[in-house]
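Chemist: Sequence and predicted structure, then a few things I'm wondering about:
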Amino acid sequence: MLKGKNAVITGSTSGIGLGIARALAREGVNVMLNGLGDPGETERTRASLEKEFKVDVRYDGGDLSQAEACVALIHKAEEAFGSVDILVNNVGIQHVVPTQDFPPAKWDAILAINLSSYFHTIRTALPGMQTRGWGRIVNTASVHGLVASIDKAAYVAAKHGVVGLTKVVALENAEANITCNAICPGWVDTPLVQAQIQTRAAKFGGDIEAGKRDLLGEKQPSKRFATPEDIGAMALYFCSEAAHNVTGVALPIDGGWTAQ
Ligand code: NAD
């Protein structure tokens with residue numbers, strides 16, 4: 001049903017974003033990848049997606065802490081594909097330290113990347129979606145868009161902001177056949193959480209598996225990580241016709257974390 005649609009997925013060179021890119025490409029969606037990282041590795045990822053799923057896969061290396069880069073990313077995709085029908089805002093970084101010690105520059109970076117970039121891509125992509133009368137916007141928020149944890153002031157503030165932005169965009173475009181929803185993962189084993197796993201592992205003499213068990217045991221009742229594939233499947237549902245009337249929701253995929 002999505003074959004021939006065109007998507008931009010921010011922060012999609014690894015982890016959850018790549019999982020979402022694979023899920024959409026499998027359905028015949030052309031994909032504009034974005035992210036930082038090793039150029040050779042990124043090109044291998046791009047080419048392998050294109051080969052495996054026979055869709056047009058492009059890459060943009062814009063640093064989305066900059067508003068102009070967010071705008072340029074959408075314009076580049078519109079020029080390459082002719083439209084941006086699906087926008088997945090997924091880029092994110094983390095920093096874990098008590099609020100009184102939180103470096104202001106880190107606060108600014110997290111707010112810019114994890115929240116403001118979502119605003120800039122959305123405001124740039126919306127007019128085209130409105131003209132065509134179809135659009136799907138999916139924002140990767142987090143359980144931290146719904147509840148808090150210690151030592152994550154900027155991340156929790158940004159993710160709560162993403163949930164709020166999601167609701168406003170959903171309401172403003174409810175009649176226009178443009179949906180806007182947020183995915184709220186608990187723990188997913190990606191590069192973003194490696195530092196937190198290492199910190200836990202240190203308590204167990206560097207035992208990584210023990211560190212993972214400790215991390216999961218504290219908040220995620222299933223005691224299982226969600227996978228990028230799981231998140232990809234949820235994003236695909238939000239993009240489907242079956243979800244045309246699902247908008248403005250913040251849907252946890254968290255093994256029961258927020259049910260407690
Ligand atoms: P990840 O580190 O694997 O992915 C982050 C992506 O963002 C990468 O492609 C990276 O290159 C890119 N990126 C980082 N800074 C950038 C910048 N300035 N400009 C452009 N690209 C940049 O981590 P992930 O876990 O897959 O995170 C993806 C999203 O999922 C984030 O928004 C994160 O907050 C959210 N999330 C993750 C978890 C988890 O447990 N891993 C849980 C809830 C929510």
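Modeler: Arrived safely, thanks for sending. All values derive from a computational prediction rather than experimental measurement. Residues are numbered from 1 along each chain as shown.

Chemist: can I see the domain layout of the chain?
Modeler: The chain breaks down into these domains under automatic domain parsing: 6-188+226-259, 189-224.

Chemist: Out of those domains, which is the most enclosed?
Modeler: domain 6-188+226-259 (a mean of 19; mean count of other Cβ atoms under 10 Å). All C-beta spots, glycine's among them, are computed from the backbone N, C-alpha and C.

Chemist: Can you verify my assumption that Gly50 contacts Asp56?
Modeler: Gly isn't right for residue 50; it's Glu. Yes. Contact criterion Cβ atoms under 8 Å: Glu50 and Asp56 qualify, at 7.1 Å.

Chemist: And the strands in the stretch 151-260 of the chain?
Modeler: 178-185, 250-253 (DSSP state E, counting those that start in this stretch).

Chemist: Just checking the last one against the ligand, any contact.
Modeler: No. Using Cβ under 6 Å from any ligand atom, no contact is recorded between strand 250-253 and the ligand, whose separation bottoms out at 8.9 Å.

Chemist: thinking again about what came up before, any common contacting residues for Glu50 and Asp56?
Modeler: When Cβ atoms under 8 Å, 6 or more residues apart in numbering defines a contact, no residue borders Glu50 and Asp56 alike.

Chemist: Could you export the strands of the stretch 151-260 of the chain as JSON lines, including mean pLDDT and distance to Asn114?
Modeler: Converted to JSON lines, the strands of the stretch 151-260 of the chain look like this (pLDDT from 0 to 100; distance: least, Cβ to Cβ, whole Å):
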{"stretch": "strand 178-185", "mean pLDDT": "98", "distance to Asn114": "12"}
{"stretch": "strand 250-253", "mean pLDDT": "98", "distance to Asn114": "15"}
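
Chemist: Look up how far the ligand lies from Asp189.
Modeler: 7 Å (Cβ to the nearest ligand atom, to the nearest Å).

Chemist: So what's the gap between stretch 106-123 and the chain middle?
Modeler: 12 Å (Cα atoms, centre = their mean, to the nearest Å).

Chemist: That stretch near the ligand anywhere?
Modeler: Yes. Legend: contact between stretch 106-123 and the ligand by Cβ under 6 Å from any ligand atom is shown at Ile113, Asn114.

Chemist: For the residue of the stretch 51-200 of the chain found nearest the ligand, give me its contacts.
Modeler: Residue nearest to the ligand within the stretch 51-200 of the chain (Cβ to the nearest ligand atom): Gly92, separated by 2.3 Å. Gly92 is in contact with Gly11, Ile113, Asn114, Thr140, Ser142, Tyr155, Leu192, counting by Cβ under 8 Å, 6+ apart.

Chemist: between the helix or strand encompassing Gly128 and strand 178-185, how many degrees?
Modeler: Using DSSP states H and E, Gly128 falls within helix 117-132. If you take axes from the mean of the first three to the mean of the last three Cα atoms, to 10 degrees, helix 117-132 sits at 150 degrees to strand 178-185.

Chemist: for helix 117-132, what is the average pLDDT?
Modeler: For helix 117-132, mean pLDDT is 99.

Chemist: in the protein, which helix has the most residues?
Modeler: Longest helix in the chain by number of residues, with DSSP state H as the criterion: helix 153-172.

Chemist: Quick check: end-to-end length of stretch 80-97?
Modeler: Stretch 80-97 has an end-to-end distance of 41 Å (Cα to Cα, to the nearest Å).

Chemist: Equivalent analysis for stretch 138-155, please.
Modeler: 18 Å.

Chemist: That one and the ligand, are they touching?
Modeler: Yes. Counting by Cβ under 6 Å from any ligand atom, contacts between stretch 138-155 and the ligand involve Thr140, Ser142.

Chemist: try stretch 212-224
Modeler: No. Shown here: stretch 212-224 not in contact with the ligand (Cβ under 6 Å from any ligand atom), separated by at least 9.4 Å.

Chemist: Can I get that stretch as PDB, trimmed to CA atoms?
Modeler: Taking C-alpha atoms only, stretch 212-224 is exported to PDB below (Å, rounded to 0.1, in the frame of the first residue of the first chain):
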ATOM      1  CA  LYS A 212      22.000  -5.300  30.700                       C
ATOM      2  CA  ARG A 213      20.000  -7.400  33.300                       C
ATOM      3  CA  ASP A 214      20.500  -4.700  35.900                       C
ATOM      4  CA  LEU A 215      19.400  -1.900  33.400                       C
ATOM      5  CA  LEU A 216      16.300  -3.800  32.300                       C
ATOM      6  CA  GLY A 217      15.400  -5.100  35.800                       C
ATOM      7  CA  GLU A 218      15.100  -1.600  37.200                       C
ATOM      8  CA  LYS A 219      12.300  -0.300  34.900                       C
ATOM      9  CA  GLN A 220      11.300  -2.700  32.100                       C
ATOM     10  CA  PRO A 221       9.100  -5.400  33.500                       C
ATOM     11  CA  SER A 222       9.400  -7.700  30.500                       C
ATOM     12  CA  LYS A 223      13.200  -7.700  31.100                       C
ATOM     13  CA  ARG A 224      13.600  -7.900  27.400                       C
END
